[in-house]
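Engineer: got a sequence here, can you build the structure:
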Amino acid sequence: PDVVIAVMPPMQIGVWPILYNWVRGVPWVLHVQDLQLDTALRLGMLPGGVLGQVLYRIEAFLLRHATRVSTITEAMRQRVIEKGAQPERAWLFPNWADIEAVRPGPRENSFRKEFDIDPETVLVLYAGGMGEKQGLEVVLEAARRCADEPRLQFLMVGAGGAQPRLERQAAAMGLQNLRFVPVQPVERLSEMLAAGDIHLVVQRQNAADLVMPSKLTNILAAGRPCVATADGGTALAEVVAGHATGLITPPDDSEALTAAILTLAADQALRAQCGDNARHYAEANLDRDAI
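Structural biologist: Predicted structure coming up:
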């Protein structure tokens with residue numbers, strides 16, 4: 001190859017390109033999609049101490065020696081510079097959405113029919129990874145708080161390491177208004193997103209600005225409102241609150257998440273306006289060719 005692009009995580013993805021660079025002189029790009037090491041250490045998923053220091057040094061070595069480093073938000077670009085990447089070699093390269101394939105569509109579609117979602121039901125949809133960094137227990141707690149709202153139904157679509165535990169927890173809580181659904185085929189993505197009345201973009205506080213949830217770009221392209229758990233000043237809050245594409249609530253706060261869901265559920269006009277704003281944002285900022 002004339003150039004190698006390595007997408008991190010995992011961190012070790014950079015080992016082969018740097019060896020190839022040393023042997024053949026081929027330039028390589030390290031694209032940071034997720035600052036996985038920072039997230040894992042902040043959330044206690046990896047121990048710190050000597051192991052943490054060793055991993056940080058390996059990561060910094062890769063960042064310093066890549067021909068170019070790219071990442072998806074300005075906050076993440078600043079973080080990789082702090083870790084050792086030279087500013088002039090650190091590029092901002094945001095995630096895009098296929099705004100032609102994912103478009104606003106009718107909410108009453110075969111996806112809702114398959115899962116027996118009544119036309120009067122307000123469907124609260126989480127679709128994405130179910131790992132530890134999302135902190136999805138807050139969704140289960142919000143569903144419990146909404147148990148007396150018969151019009152509200154929660155659907156969690158996806159898979160991940162935390163999924164079995166979350167399913168057991170939901171069963172123990174006796175949640176009748178929440179269901180788990182397997183990952184859906186990509187061909188069904190636009191239809192699935194259109195079926196949701198309110199989308200959830202959930203992450204823990206310690207993951208703020210270390211990741212940018214990739215699910216958000218498709219929600220915006222689908223023209224649907226969301227509730228995002230994000231602190232003010234983060235890249236996620238800027239897109240959602242700054243462009244009025246939905247509501248934001250503090251991370252790990254199930255009471256605030258519930259209140260935001262109920263606010264959108266009770267106001268169809270607000271949902272429609274946020275959805276229109278979301279599609280306009282996608283067309284202006286997320287087109288693949290423009291990026």
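Engineer: any idea which element the residue lying closest to L46 once chain neighbours are set aside lies in?
Structural biologist: Sequence neighbours aside, A40 is the residue nearest to L46 in space, at 4.3 Å (criterion: Cβ to Cβ, 6 or more residues apart in numbering). In this view, the C-beta of every residue, glycine as well, is placed from N, C-alpha and C. Using DSSP states H and E, A40 falls within helix 36-42.
Engineer: for that helix, packing partners?
Structural biologist: helix 49-65 (3 or more Cβ pairs under 8 Å, 6 or more residues apart in numbering; DSSP states H and E).
Engineer: after the helix it packs on, which helix or strand is next?
Structural biologist: Note on helix 49-65: by DSSP H and E, the next helix or strand toward the C-terminus is strand 68-71.
Engineer: what is that following strand packed up against?
Structural biologist: Packing partners of strand 68-71 (3+ Cβ pairs under 8 Å, 6+ apart): strand 28-32, helix 74-82, strand 90-92.
Engineer: of the ones you listed, which is nearest V227?
Structural biologist: helix 74-82 (21.1 Å; Cβ to Cβ).
Engineer: what is the rounded mean pLDDT of that closest one?
Structural biologist: Average pLDDT, helix 74-82: 92.
Engineer: how about residues contacting stretch 87-103?
Structural biologist: If you take Cβ atoms under 8 Å, 6 or more residues apart in numbering as the criterion, stretch 87-103 is touched by 31, 33, 66-74, 77, 80-81, 189-190, 193, 212, 214, 217-218, 220-223, 282-283, 285-288, 291.
Engineer: what mean pLDDT would you report for it?
Structural biologist: Average pLDDT, stretch 87-103: 93.
Engineer: just the buried ones from the contacts of stretch 87-103, in PyMOL syntax?
Structural biologist: To isolate the buried ones among the contacts of stretch 87-103 in PyMOL, judged by 16 or more other Cβ atoms under 10 Å, type:
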select buried, resi 31+33+66+68+69+70+71+72+73+77+80+81+189+190+193+212+217+218+220+221+222+223+282+285+286
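Engineer: return the set of buried residues in the helix holding A40.
Structural biologist: Going by neighbour count (16+ other Cβ under 10 Å), the buried part of helix 36-42 is 36-42.
Engineer: go on, stretch 137-156?
Structural biologist: Residues of stretch 137-156 classed as buried by neighbour count (16+ other Cβ under 10 Å): 137-146, 149, 152-156.
Engineer: pull the most distant pair out of the residues you listed.
Structural biologist: Spatially, the most separated pair among the buried residues of stretch 137-156 is E137 and E149, at 19.6 Å (Cβ to Cβ).
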